[in-house]
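Visitor: Using only what follows, build the 3D model:
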Amino acid sequence: MAETMITIQVGSVVFISSVASIVAVKHLSTCSVTKGAVNQLTKNLACGWAEDNIRSNIAVASWYIKTPMVDQTLSNKTFLGKVINRTPLCRVGDPKEVSSLVAFLCLHRLFVLIVA
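Guide: Predicted structure coming up:
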(Lines give C-alpha, C1' and ligand atoms only; values in the text may rest on other atoms or scores of the structure.)
Protein backbone atom coordinates (compact mmCIF):
# COMPACT_ATOMS: atom_id res chain seq x y z
CA MET A 1 0.00 0.00 0.00
CA ALA A 2 2.73 2.49 0.94
CA GLU A 3 4.61 1.76 -2.29
CA THR A 4 1.55 2.68 -4.34
CA MET A 5 1.04 5.92 -2.42
CA ILE A 6 4.72 6.80 -2.84
CA THR A 7 4.51 6.12 -6.58
CA ILE A 8 1.46 8.34 -7.09
CA GLN A 9 2.75 10.91 -4.56
CA VAL A 10 -0.45 11.15 -2.51
CA GLY A 11 -2.12 9.25 0.29
CA SER A 12 -3.29 9.11 3.85
CA VAL A 13 -2.73 6.49 6.53
CA VAL A 14 -4.97 6.61 9.58
CA PHE A 15 -4.14 4.70 12.75
CA ILE A 16 -6.49 3.88 15.61
CA SER A 17 -5.09 4.37 19.08
CA SER A 18 -6.52 4.54 22.60
CA VAL A 19 -6.70 6.77 25.65
CA ALA A 20 -4.72 3.96 27.29
CA SER A 21 -1.73 5.01 25.15
CA ILE A 22 -1.67 8.40 26.87
CA VAL A 23 -2.81 7.85 30.47
CA ALA A 24 -2.44 4.99 32.92
CA VAL A 25 -5.47 2.70 32.98
CA LYS A 26 -5.75 -0.13 35.50
CA HIS A 27 -5.51 -3.62 33.92
CA LEU A 28 -4.68 -2.29 30.44
CA SER A 29 -0.87 -2.49 30.42
CA THR A 30 -0.71 -4.50 27.19
CA CYS A 31 -3.10 -2.13 25.43
CA SER A 32 -1.16 0.87 26.74
CA VAL A 33 2.15 -0.42 25.44
CA THR A 34 0.90 -1.47 22.01
CA LYS A 35 -1.14 1.66 21.38
CA GLY A 36 1.75 3.80 22.60
CA ALA A 37 3.88 2.07 19.96
CA VAL A 38 1.22 2.86 17.34
CA ASN A 39 1.39 6.54 18.34
CA GLN A 40 5.15 6.62 17.90
CA LEU A 41 5.01 4.69 14.60
CA THR A 42 2.48 7.22 13.31
CA LYS A 43 4.79 10.12 14.15
CA ASN A 44 7.79 8.43 12.53
CA LEU A 45 5.85 7.61 9.36
CA ALA A 46 4.50 11.16 9.20
CA CYS A 47 8.09 12.46 9.16
CA GLY A 48 9.33 9.82 6.74
CA TRP A 49 6.49 10.05 4.23
CA ALA A 50 5.88 13.82 4.27
CA GLU A 51 8.24 14.35 1.34
CA ASP A 52 6.09 11.92 -0.69
CA ASN A 53 2.88 13.84 0.14
CA ILE A 54 1.55 11.01 2.31
CA ARG A 55 -0.15 11.96 5.55
CA SER A 56 0.00 9.75 8.64
CA ASN A 57 -2.54 10.47 11.38
CA ILE A 58 -3.62 9.08 14.71
CA ALA A 59 -7.31 9.34 14.01
CA VAL A 60 -8.71 8.29 17.31
CA ALA A 61 -7.35 7.89 20.78
CA SER A 62 -10.68 6.70 22.04
CA TRP A 63 -11.89 5.56 25.41
CA TYR A 64 -14.60 2.89 25.22
CA ILE A 65 -16.40 2.41 21.91
CA LYS A 66 -19.54 0.24 21.89
CA THR A 67 -18.38 -2.79 19.90
CA PRO A 68 -18.77 -6.54 20.33
CA MET A 69 -15.19 -6.60 21.64
CA VAL A 70 -16.16 -4.64 24.79
CA ASP A 71 -19.79 -5.76 25.20
CA GLN A 72 -18.95 -8.26 27.93
CA THR A 73 -16.78 -5.77 29.80
CA LEU A 74 -19.41 -3.03 29.63
CA SER A 75 -22.18 -5.43 30.73
CA ASN A 76 -20.78 -5.08 34.26
CA LYS A 77 -22.91 -2.16 35.49
CA THR A 78 -20.42 -1.15 38.19
CA PHE A 79 -17.58 -0.99 35.68
CA LEU A 80 -19.76 0.81 33.11
CA GLY A 81 -20.57 3.42 35.76
CA LYS A 82 -16.86 4.00 36.38
CA VAL A 83 -16.24 4.37 32.64
CA ILE A 84 -19.09 6.84 32.25
CA ASN A 85 -17.92 8.86 35.28
CA ARG A 86 -14.49 9.28 33.65
CA THR A 87 -15.95 10.21 30.26
CA PRO A 88 -16.67 13.90 29.53
CA LEU A 89 -19.79 13.10 27.45
CA CYS A 90 -20.97 10.60 30.12
CA ARG A 91 -21.46 7.79 27.61
CA VAL A 92 -19.48 5.26 25.59
CA GLY A 93 -18.59 6.10 22.02
CA ASP A 94 -20.33 4.88 18.89
CA PRO A 95 -18.42 3.19 16.04
CA LYS A 96 -19.96 5.65 13.54
CA GLU A 97 -18.27 8.50 15.39
CA VAL A 98 -14.92 6.82 14.84
CA SER A 99 -15.58 5.97 11.19
CA SER A 100 -16.70 9.54 10.45
CA LEU A 101 -13.44 10.90 11.82
CA VAL A 102 -11.39 8.38 9.84
CA ALA A 103 -13.28 9.28 6.64
CA PHE A 104 -12.64 12.98 7.29
CA LEU A 105 -8.91 12.42 7.76
CA CYS A 106 -8.77 10.49 4.48
CA LEU A 107 -10.15 13.38 2.44
CA HIS A 108 -7.76 14.09 -0.42
CA ARG A 109 -8.08 17.86 -0.07
CA LEU A 110 -7.47 17.91 3.68
CA PHE A 111 -4.23 19.77 4.20
CA VAL A 112 -3.52 20.63 7.83
CA LEU A 113 -5.69 20.37 10.90
CA ILE A 114 -4.22 21.06 14.31
CA VAL A 115 -6.27 20.39 17.42
CA ALA A 116 -4.69 21.44 20.69
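
Visitor: Mean confidence (pLDDT) on stretch 4-18, please.
Guide: For stretch 4-18, the mean pLDDT works out to 87.

Visitor: ok, now stretch 93-108?
Guide: The model assigns stretch 93-108 a mean pLDDT of 89.

Visitor: likewise stretch 56-67?
Guide: 85.

Visitor: Any idea how far apart the tips of it sit?
Guide: 25 Å (C-alpha to C-alpha, to the nearest Å).

Visitor: Now that stretch: buried residues?
Guide: For stretch 56-67, the neighbour count (16 or more other C-beta atoms under 10 Å) marks 56-65 as buried. For the C-beta atoms, the positions are set from N, CA and C on the backbone; glycine is no exception.

Visitor: Just the strands from this structure, written as ranges.
Guide: Taking DSSP state E to define them, one finds strands in the chain at 11-18, 54-62.

Visitor: got a list of contacts for the longest one?
Guide: The list of residues contacting strand 54-62 from outside it, by C-beta atoms under 8 Å, 6 or more residues apart in numbering, reads 2, 5-6, 10-19, 21-22, 35, 38-39, 42-43, 45-46, 49, 93, 98, 101-102, 105, 110.

Visitor: hang on, the earlier thing: what's the closest of the buried residues of stretch 56-67 to S75?
Guide: Distance to S75, by C-beta to C-beta, is smallest for Y64 among those, at 12.2 Å.

Visitor: can you pull the contacts of that closest one?
Guide: Residues counted as contacts of Y64 (C-beta under 8 Å, 6+ apart) are 70, 73-74, 83, 87, 92-93.

Visitor: Next, count neighbours for the residue lying closest to it once chain neighbours are set aside.
Guide: Excluding the flanking residues, the one nearest Y64 by C-beta to C-beta, 6 or more residues apart in numbering is V92, at 4.5 Å. By other C-beta atoms under 10 Å, 17 other residues sit near V92.

Visitor: In this structure V92 contacts W63, no?
Guide: Yes: in this structure V92 lies within contact range of W63 using C-beta atoms under 8 Å: 7.5 Å.

Visitor: shared neighbours of the two, anything?
Guide: With C-beta under 8 Å, 6+ apart, V92 and W63 have common neighbours V83.

Visitor: just to revisit the earlier point, just the buried subset of the contacts of strand 54-62, please.
Guide: The neighbour-count test (16+ other C-beta under 10 Å) marks 5, 11-15, 17-19, 21, 35, 38-39, 42, 45, 49, 93, 98, 101, 105 as buried among the contacts of strand 54-62.
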